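[1] Structure for the following, please:
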Amino acid sequence: MQHPKIVIVAAADFVSDAVRRAWNKAGVEIVGPLLLDPPGETVLRDAFGVLLDVTLEADVLFAHSQALIERDIPFLFVVRQARPESGLDPFVVSEDPQDIHAIFEALGWERHEGVLH
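    Sure thing, here's the model as predicted:
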């Protein structure tokens, strides 16, 4: 059985080796991080979803999100690390199994409910 594939659009240092190993252990293939403009069909083929680093420039995020909406590919805006002082509960790309589960749950819900996050 093939692992679900998640495409990450972010700077090259967004995913640490430890995070990649944790996601792999959870049965997830991470493609990227990439800064393609936006990812092409080959990269997106069979992707469960796309994670967009919220710290990218606004025009980059807009172009990517528009392209993903047009292709009906679920995506989330994510951060590398939560800031406890912010009081927000963002989607975090980390080693924590709860963070991995939260991202998959949200992508799956978006896939079935058509709701953007």
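
[2] Name the SS class of Val7, please.
    In three-state terms, and counting by DSSP: H, G, I helix; E, B strand; the rest coil, Val7 is strand.

[3] tell me which element Ala106 is part of?
    Here Ala106 sits within helix 97-113, counting by DSSP states H and E.

[4] That helix - contacts with which helices or strands?
    Here helix 97-113 touches helix 17-25, strand 47-53, strand 75-79, strand 91-92, going by 3 or more CB pairs under 8 Å, 6 or more residues apart in numbering; DSSP states H and E. Where C-beta positions appear, they are placed from N, C-alpha and C, glycine not excepted.

[5] Which residues does it contact?
    Residues outside helix 97-113 that contact it (CB atoms under 8 Å, 6 or more residues apart in numbering) are 4, 6, 22-23, 26, 28, 48-49, 51, 74-76, 78, 91-94, 115-117.

[6] could the helices and strands packed on helix 97-113 be laid out in CSV, adding distance to Glu41, mean neighbour count and mean pLDDT?
    Shown next, in CSV, are the helices and strands packed on helix 97-113 (distance: least, CB to CB, whole Å; neighbours: other CB atoms under 10 Å; pLDDT from 0 to 100):
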stretch, distance to Glu41, mean neighbour count, mean pLDDT
helix 17-25, 23, 14, 92
strand 47-53, 10, 22, 91
strand 75-79, 15, 20, 91
strand 91-92, 25, 18, 84
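
[7] I'm done for today, thanks for sticking with me.
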